[in-house]
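Asks: I would like to see how this sequence folds:
(one chain, ligands or ions: 1)
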Amino acid sequence: MRNFKTRNCFLMNHLDDCAPSDQNKCLSSLEFSMVTCRGAFMDQISRRGFTQQALGSLLTFTLLDTLLQRDAFAESVKPITVKWLADVNQLGNDLKDQKVKQLEWQKKVKELFAQVDLPDLLRLVDFDKLTQKLSIPDHGAKSLSFTFQQIEGVPTRLVFGKQIFALSKGRSVVPHGHNNMATAFLILKGDFQGRHYDRLEDLDEHMIIRPTIDDKFGPGGCSTVSDFKDNVHWFQALSEPAYIFNIHVNNIDPKAKEATGRVYLDPNGEKLSDGRIKARLIDYGEANKLYG
Ligand SMILES: [Fe+2]
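Replies: Residues are numbered from 1 along each chain as shown. As a prediction, the model looks like this:
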């Protein structure tokens, strides 16, 4: 709205000398002046010069329009959402600096995610533009890279990695665990069946896991992963298109034996006592074939 008003104010500035009720009269007077002065006018500038001036004006208007649109877009993101992003980043910094433990990070990031103004977050990532010409694959989850709008207050240096997953109905972010990583999901659009498992034990060719979460997640729903809790997750889209906002803080423990990364597995493994599952370790290709 501000954009429209400002742009028209700019145009109306050329008629500022006329009061509103005198505008028609003023326009007629202007047209008359243009006709009567045409000869003198054309004497002063060549046709070529006139064209150059006209093009210059057009470029000025186009540039002005672009700048106003950018300004209007930036102002459409609320300060509270910019602060939210800064808080998420600070929490990641605190995790990397060992000021908060992974379990505390999970609790706090979940609280932050629960508070976010979702439409505002979509504006902050320019979601409409990001997904405008998107073709979502029939299989698996497509990872979209994006940048936050660089408006005042948005951190220029992010401590976390980020992506948005795009999925068709029935497709999954395939089951996987994580090494030396804390990560969080926030559902942007669509519905999901979200499953988490605790990672109890690592064997040579298996991982012993236990289900902890098996719920439906809609827009605004969130869940977290750390080395200590809910380490394995698997999200299947129940509608389409479906989108997940993801952040991940890598290399939390610089002394960890395992490099930061995913560990793919098949959670439909042998059922053990106490709800445990002996899940076979697999590679990404098989995980994608089975669950993607
Ligand atoms: Fe993950």
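Asks: Residue 269 and residue 76, how far apart?
Replies: Using C-beta to C-beta, to the nearest Å, residue 269 is found at 48 Å from residue 76. For the C-beta atoms, the positions are set from N, CA and C on the backbone; glycine is no exception.
Asks: Please apply the same query to residue 186.
Replies: Note on residue 186: its distance to residue 76, by C-beta to C-beta, is 20 Å.
Asks: in the stretch 101-250 of the chain, which spans are strands?
Replies: 142-144, 161-167, 172-179, 181-189, 192-202, 206-217, 222-225, 232-237, 242-250 (DSSP state E, counting those that start in this stretch).
Asks: Give the buried residues for the second one.
Replies: Neighbour-count burial for strand 161-167, counted by 16 or more other C-beta atoms under 10 Å, picks out 162-167.
Asks: Neighbour count for residue 186 and residue 76, which is higher?
Replies: residue 186 (25 against 16; other C-beta atoms under 10 Å).
Asks: these two touch, right, residue 286 and residue 264?
Replies: Yes - between residue 286 and residue 264 there is a contact under C-beta atoms under 8 Å: 7.4 Å.
Asks: The two - which one has more neighbours?
Replies: Between residue 286 and residue 264, residue 264 has the larger neighbour count (other C-beta under 10 Å), namely 22 against 16.
Asks: pretty sure that one contacts residue 176?
Replies: Yes - in terms of C-beta under 8 Å, residue 264 counts as a neighbour of residue 176; the distance is 4.9 Å.
Asks: Out of the buried residues of strand 161-167, which comes closest to residue 246?
Replies: Closest approach to residue 246 among the buried residues of strand 161-167 (C-beta to C-beta): residue 163, at 5.2 Å.
Asks: who's in contact with the closest one?
Replies: Applying C-beta atoms under 8 Å, 6 or more residues apart in numbering to residue 163 gives the contacts 143-146, 246.
Asks: swap in residue 291?
Replies: By C-beta under 8 Å, 6+ apart, the contact set of residue 291 is 172, 174-175, 234, 236.
Asks: in the stretch 51-200 of the chain, which spans are helices?
Replies: Remark: helices assigned in the stretch 51-200 of the chain by DSSP state H, counting those that start in this stretch are 79-96, 102-115, 118-124, 127-131.
Asks: could I get these as JSON lines with mean neighbour count?
Replies: Listed next are these as JSON lines, based on neighbours: other C-beta atoms under 10 Å:
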{"stretch": "helix 79-96", "mean neighbour count": "18"}
{"stretch": "helix 102-115", "mean neighbour count": "17"}
{"stretch": "helix 118-124", "mean neighbour count": "18"}
{"stretch": "helix 127-131", "mean neighbour count": "15"}
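Asks: still on that earlier bit, Throw together a PyMOL command that grabs the buried residues out of the contacts of residue 163.
Replies: Applied in PyMOL, the following selects the buried portion of the contacts of residue 163 according to 16+ other C-beta under 10 Å:
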select buried, resi 144+146+246
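Asks: pLDDT below threshold where in the stretch 51-200 of the chain?
Replies: For the stretch 51-200 of the chain, the stretches with pLDDT under 70 are 51-75.
Asks: one more time with 90
Replies: Along the stretch 51-200 of the chain, the model assigns pLDDT under 90 to residues 51-76, 137-139.
Asks: picking that back up, wait, which of the helices of the stretch 51-200 of the chain is closest to residue 215?
Replies: Taking those one by one with C-beta to C-beta, helix 102-115 is closest: 13.5 Å.
Asks: re the thing from before, want to throw the strands of the stretch 101-250 of the chain into CSV with distance to residue 118?
Replies: Output for the strands of the stretch 101-250 of the chain, formatted as CSV (distance: least, C-beta to C-beta, whole Å):
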stretch, distance to residue 118
strand 142-144, 17
strand 161-167, 13
strand 172-179, 19
strand 181-189, 7
strand 192-202, 15
strand 206-217, 13
strand 222-225, 11
strand 232-237, 17
strand 242-250, 9
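Asks: how about these, which one is nearest residue 114?
Replies: Nearest to residue 114, of all the strands of the stretch 101-250 of the chain, is strand 222-225, at 6.5 Å by C-beta to C-beta.
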